[in-house]
Structure formats: structure tokens, C-alpha cells
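# Task: produce atomic coordinates for the following.
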Amino acid sequence: MRKEKKQKLAIQVGIITILIFVATLVFTLFSDFTITRNAYLSSKNEMIDRDLNNLREQMIHIVILPWAVTYWREHPEEIRREYTEEELKQDESKEMVDLWIACLSAEKNPAEMEPVEQLLIAKRLYENIALNLKNTSNLDYSSIFILGILDEQNSFYYMDNDTYNVEKDGVEEERISYPASEHSAVASILKKGIDDFDKTSYEIFHDSEKGKEYYIGYIPICTKNGELCLLGICYDWSDFHSELLGNARTSMLTGLLVLLLLNGLLMLFLYRKAIAPVLKVKTGVQDYMKDKDSNAVAEKMERIHVRNEIGVLADSFTDLATEIDRYTGEILTLNSEKERISTELALATNIQSSMLPGEFPAFPGRKEFDIYASMDPAREVGGDFYDFFLVDDDHVCTVIADVSGKGVPAALFMMASMITLKHHAMQGKSPARILTDANAEICSNNKEEMFVTVWLGILELSTGKLTAANAGHEYPVFTGDDGQFSLYKDKHGFVIGGMVGMKYREYEVTLQPGAKLFVYTDGVPEATNAENEMYGTDRMLEALNKRPEASPKELLAVVRGSVDAFVKEAEQFDDLTMLCLKYHGPSGE
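Alright, predicted model coming up:
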């Protein structure tokens, strides 16, 4: 008994509508957020890039800068302390000014000077660059700084514009933790190297301790013994970012409220125009299932006044109920007719089966040969047939054939062809003459233009000589001297019933005692499995050669088992007919 389904259409439509609206709202807000953020940062890019490049152009021409940054890192306390009176006096002297000019023009190497001269040169350059950073600083920047990258985890903070301090454990230090894993732009510069970075690299950095968002631009300015120095500008955009997120949240809440209102209106409309009419249709269907009264159904469906697909459904169900009543009477008549046809088909199957030799052993008194055959039609009746009979005391005729088409027409044509072939064979004619005369007789009254492929052979029992002719049929199979089965590729004539005036040729094969003949219709090699792959003659020969010494009956069972194993559950599309003859010799031993 079927479990009754609950009425959930309104809930299902409501959920789907909400999901669609929410997805659309989220996508719109996300797109708006991303576009606004990117546009804002793009404007900051121009400002940061301009200032960084101006500072870089001023610094990269200072030839002693690589020496100076190393000196600053090694003597941070001395660089930042106040001048002594002696240092201040010496720094203002003409000799020191000349040294300063010589260093800037690369005439002097600071590394070769006296320690006090190195200190004064390094402090002067430090103060000049620091002053330049202060003068260049935009009021919107949090920091303009020079950062020396020691490795992927640590850096050296040389100087900034004094508006942003980096602290570690509450104490300002020059050596700081600046892991590249947290700074995507720094990691990218480390990976590619300074030579690949002529342009500014940007990153968004979240300072979890301060709860702020920073937009930072870096540009390399110098290297010394593998040490990388970056000039950076840090911009605090936390307020704008927070405002942007707040606007997004407000838009989301407003959108959800509008969504709930619209969804309520949609549910009301859906109930009046869809759910209520559907319930009426459901009631009408259930009532019709109980009493089968199409007139009562028509009255109920007329009360549904919606002008949409549900109204069309109600009218269609009215028509359907009327048609069901009409068809019910016709089906009762058709079932009676179908039973009559089934009875007649069963009778036709019995008649066809009785036409074929079906008692085995077929010739219990003859020791010279043994023969066995089978025919499995694809439908109730088929178009394949086989036949074997003694023409005289020393000759046995063997026939296997395949009529074009299937079903009753093929079966009728099969019986006519079988009778015709046997009639001509019993007159003692050769195989070629039998096929020639049978073709002429069938063509003379073949209005349906059907045809039949035939292999016919006459075995002389006293000598083992087999004379055969082939009218478009499959190649026969014989065992050779080694006892193995193989195809005998004989020359085919045209099919019987296909063309008037055809002449057929015959050939001879001598069977030694113990030799076997196997003939079949195309239903064997063309048997097809679910993957649309054909069985083929190679598999047929393989099956025959598994037990070549077996009796004819056993060989047919082996082949049929092989075909069934290959085809499995696939439907049989063609008649499957086989015949096997074993020649024991004239003495029958």
C-alpha cells in the first residue's frame, strides 16, 4: 500500500524562492562590496605608487646606500643617539663636508674611512633620508619605512616617518619578526628576487593585535651581500573597510526584510492560483478512482476557474476520464482479440516445430553417421529452418537456411521454401541443380520479394564424399586431420528468391571417418551482448574446439552455452539455428 504524501508544495516553493532570493542578494552585495573596495584601493595605488617611485628615484642614486643600511643595522644605538660636541664640530667641518661629497660621488669608499668618519657619514645619510620621508609623508599614511629582509621570518626596521612604530613585547626594537607567510607581497618578492620587481607590490595586512586593516606597498631599493631592502608605505584603511562592511550588513538586513514580505505575497498568490485548484483536481481524481464516473468528474472540474496550466490540467483530466471510459471498452475487446492471436501463434509455433525433424537419434538403424540439430526462434515463430533426410539408401541430404525477416511471414515463407527444397532433392538432383530449380520456382510466385539463404549438402555414405552448394549462407565448419574445427570458405551463390535465372555451383569435400560438419545461421555469430558487441565466428570456433571429440548433440550444447554466457541478459534479436553431422565411415565404426 502506498504511503500518502503530505501537501508540501507551498513549503517547497517557498524554500526554493527564499534560496534564490538570498543567493541573488548575497551575490549582488558581494559584487558591490568587491567593486567598491577594489575601486577605493585602486585610487590609493596611484598615490602610493607615485610617492614610492619618487622616494626610490632619490635613493637608488645614492651609491653608498647599500653600505649605509648595513652600517645602520650593525650600529642602531649609535645612529639614533644625539651628536657629541666633538662629533657635531667635526661634522660641520669643511673636511667632513668634502668627504660627504666624495662619498656621494663615489670618489671615496666609506668602508675605508676612520670609524668616527663612518659614523658621521652614516648618521648624516640616515637623517637626510628620515627627513625626506617626513617631507614626503601623506597625512593619510600610517607609515613610510625602510625594511631590510634578513630571512623569511625576520627583518630589520631601519627607519620610518615616526608615525608608526613596530613593537615586540612592548619594547621598540630594530630587529623584528616580519614573517613572509603573513605578508604576501614580501613572500612574492623573496620568491622572484629584486631584479624582477621594478613595480610596486601590494598586500592587505590584518593586524590582529590592533584590530586594523593596512594596505601596504613595497618597492626594492638596494641589496648588499644578499640582503634585500624594501621601501614601504603603509596605509590604514580600517575605517573605510569597517564602514563598507557595515553598509553591506545593513543592505543584507534590509534585503531580507523585503524578501520576507515578497515571499509572503508570493505564497498567498501561489495558494489561490495553484495549490487550492490542485487540491480540487486531486479530489476529483480520487473520486474518479472510486466510482469511475466521468460525468461527476466533469462537473467538479468545471468549478475550477483559474486561467493557467492548472485550469488546462483540470480540462485535460476531464477529457482523460472520458477517454478512459471509452478505452476501457475497447481494451476488453482487444484483450479478447489478443487471446485469440496468442492461441493462433501458439498453434503456428507447434506447426512449425512439427515441420522440422525433432526426434533424435534421427536414424537409429544407420551406423554410418550421427546428426543433431536445434532451432530457437527470436519470436513465437521464426524464419530459420534445418532439414535432413535420406535421398536413397546411400545418400543423406542436409539443409540449413535463413529466411529474410521474422515472425509469421518469415515462418510461412520458411515452410514453403523447406517443402520446395526437399521436393527437388528427393528427385535425385545435384545440390547445384536443387538450388537452381528451387530459385526458379520461388521467384515465379514471390510477390512479397522475400528471400532465403541456403546451405545444402548431400553426403555419400559409402565414400564420405560430400557435395554441397551455398546460396548466400554462412560458411560451413569442418574438422580437419588434426580433429580441430575450422571454417571452410566456399564460394557463395546469390540468395534463393532474390533474382530469376540464377545458376549455382557446387563443390566436393571428402569426410574421413570421425570427421564432423557444423552449419549454422547468422543468429550465432551475430548474437549481441548489452555492449553491442557481436559473438563472432572466432568465439564460435573456440567453443567448438573446446570439446571437438564430443557428440553432435553435446557440441550444440557447448556452443549454445558459450553464446548465452556472452549475451547474458541481452535480448535475442535473431533466430538461432545449428546442425552438426558426424561421419563414422561406411562400416559405421
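# Find the helix or strand that Pro409 is a member of.
helix 407-425 (DSSP states H and E).
# and after that helix, which helix or strand comes next?
helix 431-443.
# Flag every buried residue along that following helix.
By neighbour count on 16 or more other CB atoms under 10 Å, the buried set for helix 431-443 is 431-439, 441-443. Heads up, the C-betas are built off the backbone N, CA and C, glycines and all.
# try stretch 385-393
Buried residues in stretch 385-393, defined by neighbour count with 16+ other CB under 10 Å: 385-388, 391.
# Check stretch 210-221 too.
For stretch 210-221, by 16+ other CB under 10 Å, it's 212-221.
# closest to Phe363 among the residues you listed?
Nearest to Phe363, judged by CB to CB, of the buried residues of stretch 210-221 is Glu213 at 103.0 Å.
# which other helices and strands contact the helix or strand Leu29 falls within?
Leu29 is part of helix 9-59 when elements are defined by DSSP H and E. Counting by 3 or more CB pairs under 8 Å, 6 or more residues apart in numbering; DSSP states H and E, the packing neighbours recorded for helix 9-59 are helix 115-136, strand 201-207, strand 212-224, strand 227-236, helix 238-270.
# Nearest to Glu174 among these would be which one?
helix 115-136 (12.2 Å).
# now the angle between strand 227-236 and that closest one, please.
30 degrees (axes from the mean of the first three to the mean of the last three CA atoms, to 10 degrees).
# what comes into contact with helix 115-136?
Outside helix 115-136, the residues that touch it by CB atoms under 8 Å, 6 or more residues apart in numbering are 51, 54-55, 58-59, 62, 64-65, 68, 71-72, 75, 78-79, 83, 87, 90-91, 96, 99-100, 103, 110-111, 113, 144-146, 159-162.
# Name only those of these that count as buried.
51, 55, 59, 62, 64-65, 68, 71-72, 75, 79, 87, 90-91, 96, 99-100, 103, 110, 113, 144-146, 159-161.
# among those, which are in helices?
Those of these mapping onto helices are 51, 55, 59, 65, 68, 71-72, 79, 87, 90-91, 96, 99-100, 103, per DSSP state H.
# Of those, which is the nearest to Asp564?
Closest to Asp564 out of these is Asp51 (85.7 Å), distances taken as CB to CB.
# any idea how far Asn132 is from that closest one?
Applying CB to CB, to the nearest Å, the value for Asp51 to Asn132 is 11 Å.
# Now for these two: what residues contact both?
In contact with both Asp51 and Asn132: no residue, using CB under 8 Å, 6+ apart.
# which residues sit in contact with Lys465?
459, 508-511.
# Of those, keep whichever come out buried.
459, 509, 511.
# pLDDT below threshold where in the stretch 151-300 of the chain?
161-173, 193-198, 224-226, 243, 248, 271-295, 297-300 (pLDDT under 70).
# what do you get if the cut-off is 50, keeping everything else the same?
163-172 (pLDDT under 50).
# repeat for the stretch 301-450 of the chain
Those would be none, if you go by pLDDT under 50 across the stretch 301-450 of the chain.
# which residues in it form strands?
369-376, 384-392, 395-403 (DSSP state E, counting those that start in this stretch).
# want to throw those strands into CSV with distance to Gly232?
Output for these, formatted as CSV (distance: least, CB to CB, whole Å):
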stretch, distance to Gly232
strand 369-376, 88
strand 384-392, 91
strand 395-403, 90
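# Gly255: which of these is closest?
strand 369-376 (70.7 Å).
# tell me which residues of the closest one are tucked away?
Neighbour-count burial for strand 369-376 [16+ other CB under 10 Å]: 369-375.
# Return the list of strands paired to it, each annotated with direction.
Here the strand partners of strand 369-376, with direction, are listed using DSSP bridges: strand 576-583 (antiparallel).
# export the partner strand as CSV, just CAs?
C-alpha atoms of strand 576-583 as CSV (Å, rounded to 0.1, in the frame of the first residue of the first chain):
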residue,chain,number,x,y,z
LEU,A,576,19.5,-19.2,-33.6
THR,A,577,19.8,-22.5,-35.6
MET,A,578,22.6,-25.1,-35.6
LEU,A,579,23.2,-28.5,-37.1
CYS,A,580,26.1,-31.0,-36.6
LEU,A,581,26.8,-34.2,-38.5
LYS,A,582,29.4,-36.8,-37.6
TYR,A,583,30.5,-39.3,-40.3
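# So what's the model's average confidence on it?
Per-residue pLDDT values over strand 576-583 give a mean of 95.
# and if you look at stretch 82-97?
On average, stretch 82-97 scores 88.
# List the contacts of it.
Taking CB under 8 Å, 6+ apart as the rule, stretch 82-97 contacts 116-117, 119-120, 123-124.
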